[in-house]
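1. kindly return the folded structure for what I paste below:
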Amino acid sequence: MDQNPLRALWAADKPAVNGWLSMPSAVSAEIMANAGWDTLTVDMQHGMVDYQTAVSLMQACATRDVTPLVRVPWNEPGIIMKSLDAGALGVICPMVNTRAEAEALVSSCRYYPKGARSFGPLRANMRYGPGYAANANKEILVIPMIETREAVANLDDILSVPGVDALYVGPADLGLSYGYEPKGDRDEPELLEVIDHILAVAKKHGKYCGIHCGAPSYARKMFEKGFRLATIQTDAMILMNAAKAAVKATKEGGGDDGGAIY
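-> I've put the predicted structure just below:
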């Protein structure tokens with residue numbers, strides 16, 4: 001098993017641009033894989049993706065040199081282990097609020113003696129080779145999501161758990177937790193201060209930090225702050241926005257048609 005490409009990027013202090021796969025289509029995932037993303041995350045929490053579809057999406061990712069991650073539906077050992085067995089090189093887990101929850105997440109992602117992951121990496125072994133089992137503990141990324149006031153209050157405890165590699169900020173739920181509407185690309189001073197605090201605590205512990213973004217310009221700002229993973233919208237949002245722009249440009253004129261490709 002080679003080094004996790006996302007780990008290699010971070011070791012070189014380079015940011016990763018992350019795509020988000022929410023549509024249950026291997027063809028759309030293959031299109032995304034050809035777009036140049038560093039990583040692609042299969043969303044099994046809020047996306048329309050079940051486990052079998054998630055396997056197909058990771059197979060589509062394998063058509064190009066893009067690192068497959070999975071956002072699991074919840075901090076539940078069964079689906080975490082199955083996602084890793086299917087070939088995910090990192091797990092993003094929603095709503096991790098305490099040290100105990102972070103410990104449970106790590107345990108599900110690591111083989112004995114560092115965890116309780118059951119052995120049976122069927123597709124992962126085929127995809128990454130016979131050295132997978134020996135190297136999985138050091139290559140698989142464990143990434144709790146920070147989405148609540150409680151999680152922010154417990155950052156030091158969460159980040160002190162051995163095996164936690166990074167944090168991922170969910171701005172919509174984080175905003176809800178502080179009494180704001182759920183949206184991305186936060187601009188409220190209070191929430192910007194909270195996001196800066198999350199990043200600062202992660203850096204203090206020598207960990208990386210990711211965040212979900214909407215606009216590419218916002219993602220670039222997050223990279224400038226020190227985030228090392230930024231998601232740009234979702235596949236569904238990108239398709240919707242591009243379709244709306246194409247229809248508007250055709251009906252009203254103006255805009256860039258992007259050029260013909262066939």
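2. how far does the lengthiest helix in the chain sit from the chain's center?
-> Within the chain, and with DSSP state H defining each element, the longest helix by residue count is helix 235-252. On the basis of Cα atoms, centre = their mean, to the nearest Å, the separation between the geometric centre of helix 235-252 and that of its chain is 25 Å.
3. please, which helix or strand holds Leu167?
-> Leu167 belongs to strand 166-169 when elements are defined using DSSP states H and E.
4. past that strand, which element shows up next along the chain?
-> helix 171-177.
5. now what about the helix or strand that that following helix is followed by, what contacts it?
-> Of the helices and strands lying after helix 171-177 in sequence (DSSP H and E), the nearest is helix 189-204. Helix 189-204 is touched from outside by 146, 152, 155-156, 159, 166-167, 169, 171, 174-175, 178, 180, 186, 208-209, 211, 225-227, with contacts defined as Cβ atoms under 8 Å, 6 or more residues apart in numbering. Quick note: C-beta positions are derived from backbone N, CA and C, even for glycine.
6. filter these down to the buried ones and hand me the ChimeraX line.
-> Taking 16 or more other Cβ atoms under 10 Å as the burial criterion, the selection of buried members of these in ChimeraX is written as:
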select :146,152,155,159,166,167,169,171,174,175,186,208,209,211,227
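7. hang on, the earlier thing: output the longest helix of the chain as PDB - backbone C-alpha positions only.
-> Once non-C-alpha atoms are left out, helix 235-252 reads as follows in PDB (Å, rounded to 0.1, in the frame of the first residue of the first chain):
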ATOM      1  CA  ASP A 235     -21.800  17.600  -7.500                       C
ATOM      2  CA  ALA A 236     -25.600  18.300  -7.400                       C
ATOM      3  CA  MET A 237     -25.100  22.000  -6.700                       C
ATOM      4  CA  ILE A 238     -22.400  22.300  -9.400                       C
ATOM      5  CA  LEU A 239     -24.800  20.600 -12.000                       C
ATOM      6  CA  MET A 240     -27.700  22.800 -10.900                       C
ATOM      7  CA  ASN A 241     -25.700  26.000 -11.000                       C
ATOM      8  CA  ALA A 242     -24.200  25.200 -14.400                       C
ATOM      9  CA  ALA A 243     -27.500  24.200 -15.900                       C
ATOM     10  CA  LYS A 244     -29.200  27.400 -14.600                       C
ATOM     11  CA  ALA A 245     -26.400  29.600 -16.000                       C
ATOM     12  CA  ALA A 246     -26.500  27.800 -19.400                       C
ATOM     13  CA  VAL A 247     -30.300  28.300 -19.700                       C
ATOM     14  CA  LYS A 248     -30.100  31.900 -18.600                       C
ATOM     15  CA  ALA A 249     -27.300  32.700 -21.000                       C
ATOM     16  CA  THR A 250     -29.200  31.100 -23.900                       C
ATOM     17  CA  LYS A 251     -32.500  32.900 -23.100                       C
ATOM     18  CA  GLU A 252     -31.100  36.300 -22.100                       C
END
